[in-house]
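Chemist: build me a structure from this.
(2 chains)
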Amino acid sequence: MLAKRIIPCLDVKDGMVVKGVQFRNHEIIGDIVPLAKRYAQEGADELVFYDITASSDDRIVDKSWVERISEQVDIPFCVAGGIKTIEDAAKILAFGADKISINSPALANPQLITDLTHEFGQQCIVVGIDSYFDKDTGLYQVKQFTGDETKTRTTKWQTLDWVKEVQARGAGEIVLNVMNKDGVRDGYDIEQLRLVRDVCNVPLIASGGAGEISHFYDVFAKANVDGALAASVFHKQIIEIDELKRSLNQDNIEIRLC
Amino acid sequence: MSKINVAIIDTGCANITSVRCAFERICDDVTVTRDQDFIRSASHVVLPGVGTAGAAMEKLAQFGLITFIQSLTQPVLGICLGMQLLTKSSQERDIDCLGLIDTKVSAMKNSDNLPLPHMGWNQLTHLTPPLFNGIDEGSYVYFVHSFAVPTGAFTAAQSDYGQAFSAAISQNNFYGVQFHPERSGKVGSHILKNFLAISATQEKIGS
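Modeler: Sure, this is the predicted structure:
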């Protein structure tokens, strides 16, 4: 059986791992490579590195650390941040990343998804979606440039339409980040993830809201996502990965035990 | 026993760095190259690959490597798309492959509404030597693919995703793994060590 994936996310800013609450007030967590290695040893199934400043500052992610991770880590990892061209993607993949994830540039130029898929294959092209639930309108809206609060804007896309669009353009995986839940730790947005799952035929990764072990059980059992991404609960060691995986396994979630 | 050295064929594809790093963790003589004399003299050859079969075969043709790879006699390991290239043909745009392992690649079926690509850690079963010596049935390795080789006479290990498929194949000196051992933690590293042990064993028998 294919195992559900536990995916620590490391937000990278100026070469350090950082974490903020609802995309603000970033605090430094630590160096990239030792943290990545620790997670791999503890049983993480995959790692995601987001350079959260990249898209906003109109520059590409500093790539020197990508090869150091590839040298030291023996699980798959994905790099996101400011990838706007085939050349940008080629460099990061050549440094050893298994996948690249695009978000704001895909919204600016949806053709980029198609072009990347043709060049590198569907399997390594991930589309990240920052979805915001607007309580006033009751709509799920896609946001762009979320790395910098002053530049964040609401796009013309509603989340489910954009999920369909990126698949039609060849995305190999979707990471749905529920912005209302980022860093809040009161559980994944099961309702929204269920809606997205219904229209998502590629692997779907849930992001935003993990605070305790039961949240992971809920998102796998109730929203049937392929992977669950989390940051602060792992960085701050509120949840130990091996304990999480043993617990999920006992509750009959298909999990790779290390 | 002569020294083990690994030549990774530089196909210009994306995952060469991670494959090189994985072999460097277990072997101190690893080279990424298209130099045919060098590759022919290596004790082990690796054919990496990600992307599409058509584009990869075009690259091999462009570098003049097709008949060269077909003529290799030492152990050769194809990884992921590299494995698929060792077969006779791929349904992915109906292209001819290297024809070194007598089987064909077909599209995975989207049965039971399972998402495609098949992406993530899945279990190995029906394990056979020498590639899977010491590996437990049910061990997890990392897969990312939408095309697969059905199970058959040349299957060396199986996995299951809606249907059983070949997780590994082999014929003569050619071995292929559909998963990514370079990204499969300790299990993957063990499988790569088993690959490097193949020629050593053969040389012992031959000497």
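
Chemist: quick check: chain neighbours aside, which residue is closest to residue 146?
Modeler: In the absence of a named chain, this looks at chain A. Sequence neighbours aside, residue A:130 is the residue nearest to residue A:146 in space, at 4.6 Å (criterion: C-beta to C-beta, 6 or more residues apart in numbering or on different chains). Backbone N, C-alpha and C define where each C-beta goes, glycine included.

Chemist: my bad, chain B
Modeler: residue B:117 (4.4 Å).

Chemist: which ones are touching the one you found?
Modeler: A:122, A:123, A:172, A:173, A:202, A:203, B:144, B:145, B:146 (C-beta atoms under 8 Å, 6 or more residues apart in numbering or on different chains).

Chemist: give me the beta-bridge partners of the residue nearest to residue A:146?
Modeler: residue A:143, residue A:177 (DSSP bridges).

Chemist: show me which residues of the stretch 51-200 of chain A sit near chain B.
Modeler: Within reach of chain B by C-beta under 8 Å from any C-beta of the partner chain, the stretch 51-200 of chain A has these residues: A:67, A:70-71, A:74-76, A:90, A:93-96, A:98, A:119-124, A:172-173, A:200.

Chemist: what do you get if the cut-off is 7 Å, keeping everything else the same?
Modeler: By the rule C-beta under 7 Å from any C-beta of the partner chain, the part of the stretch 51-200 of chain A lying against chain B is A:67, A:70-71, A:74-76, A:93-96, A:98, A:120-124, A:172-173.

Chemist: inside helices: which ones of these?
Modeler: A:67, A:70, A:71, A:93, A:94, A:120 (DSSP state H).

Chemist: just the helices in the stretch 101-250 of chain A please.
Modeler: Applying DSSP state H, counting those that start in this stretch to the stretch 101-250 of chain A gives helices spanning A:104-108, A:111-120, A:159-168, A:190-199, A:213-223, A:232-235, A:241-250.

Chemist: how close does the residue nearest to residue A:146 sit to residue B:112?
Modeler: 31 Å (C-beta to C-beta, to the nearest Å).

Chemist: show me which of the two is the more surrounded one.
Modeler: Between residue A:130 and residue B:112, residue A:130 has the larger neighbour count (other C-beta atoms under 10 Å in any protein chain shown), namely 26 against 8.

Chemist: without its sequence neighbours, what residue ends up closest to residue B:93?
Modeler: Nearest to residue B:93 is residue B:54, by C-beta to C-beta, 6+ apart, at 4.7 Å.

Chemist: for the one you found, pull up the helix or strand it's in.
Modeler: helix B:53-62 (DSSP states H and E).

Chemist: in chain A, what helix or strand scores lowest on average pLDDT?
Modeler: In chain A, no helix or strand scores lower on mean pLDDT, DSSP states H and E than strand A:16-21, which sits at a mean of 70.

Chemist: which parts of chain B sit against chain A?
Modeler: B:14-15, B:17-18, B:21-22, B:50-52, B:115-117, B:119-123, B:140, B:142, B:144-146, B:161, B:183, B:185, B:188-189.

Chemist: show me those residues that map onto strands.
Modeler: Taking DSSP state E, the ones among the residues of chain B next to chain A that sit in strands are B:119, B:120, B:121, B:122, B:123, B:140, B:142, B:144, B:145.

Chemist: how about the third one, what does it touch?
Modeler: Neighbour list for residue B:121: A:3, A:5, A:45, A:256, B:140, B:141, B:142 [criterion: C-beta atoms under 7 Å, 6 or more residues apart in numbering or on different chains].

Chemist: and the pLDDT at it?
Modeler: Predicted confidence (pLDDT) for residue B:121: 98.

Chemist: all helices of chain B, in order?
Modeler: For chain B, the helices defined by DSSP H occupy B:16-24, B:36-41, B:53-62, B:66-70, B:81-85, B:185-206.

Chemist: reformat those as a markdown table; add distance to residue B:176.
Modeler: Supplementary listing: the helices of chain B in a markdown table, determined by distance: least, C-beta to C-beta, whole Å:
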| stretch | distance to residue B:176 |
| --- | --- |
| helix B:16-24 | 14 |
| helix B:36-41 | 17 |
| helix B:53-62 | 13 |
| helix B:66-70 | 12 |
| helix B:81-85 | 3 |
| helix B:185-206 | 11 |
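
Chemist: and those as CSV, adding mean pLDDT and mean neighbour count?
Modeler: Below are the helices of chain B laid out as CSV (pLDDT from 0 to 100; neighbours: other C-beta atoms under 10 Å in any protein chain shown):
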stretch, mean pLDDT, mean neighbour count
helix B:16-24, 94, 23
helix B:36-41, 97, 14
helix B:53-62, 90, 18
helix B:66-70, 98, 15
helix B:81-85, 95, 28
helix B:185-206, 80, 17
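
Chemist: so which of the helices of the stretch 101-250 of chain A gets nearest residue A:152?
Modeler: Proximity to residue A:152 (C-beta to C-beta) singles out helix A:104-108 among the helices of the stretch 101-250 of chain A, at 9.7 Å.

Chemist: quick one: contacts of that closest one?
Modeler: By C-beta under 7 Å, 6+ apart, helix A:104-108 touches A:55, A:83, A:84, A:112, A:113, A:127, A:142, A:144, A:145, A:155, A:166.

Chemist: any idea how far it is from the chain center?
Modeler: 16 Å (C-alpha atoms, centre = their mean, to the nearest Å).

Chemist: list the buried ones in that helix?
Modeler: Using 16 or more other C-beta atoms under 10 Å in any protein chain shown as the test for burial, helix A:104-108 gives A:104, A:105, A:106, A:107.

Chemist: how near is the last one to residue A:159?
Modeler: What it means is residue A:107. Residue A:107 is 12 Å from residue A:159, by C-beta to C-beta.

Chemist: stretch A:87-97: how far from the chain's middle?
Modeler: Averaged C-alpha coordinates place stretch A:87-97 at 18 Å from its chain's average position (C-alpha atoms, centre = their mean).

Chemist: buried sites along it?
Modeler: So stretch A:87-97, judged by 16+ other C-beta under 10 Å, has buried residues A:88, A:89, A:90, A:91, A:92, A:93, A:94, A:95, A:96, A:97.

Chemist: and the average pLDDT for it is what?
Modeler: Stretch A:87-97 comes out at a mean pLDDT of 89.

Chemist: averaged pLDDT, stretch B:132-144. What do you get?
Modeler: Stretch B:132-144 shows a mean pLDDT of 97 in the predicted model.

Chemist: for stretch B:157-170, same thing?
Modeler: 97.

Chemist: quick one: buried residues of it?
Modeler: B:157, B:158, B:159, B:161, B:165, B:166, B:167, B:168, B:169, B:170.
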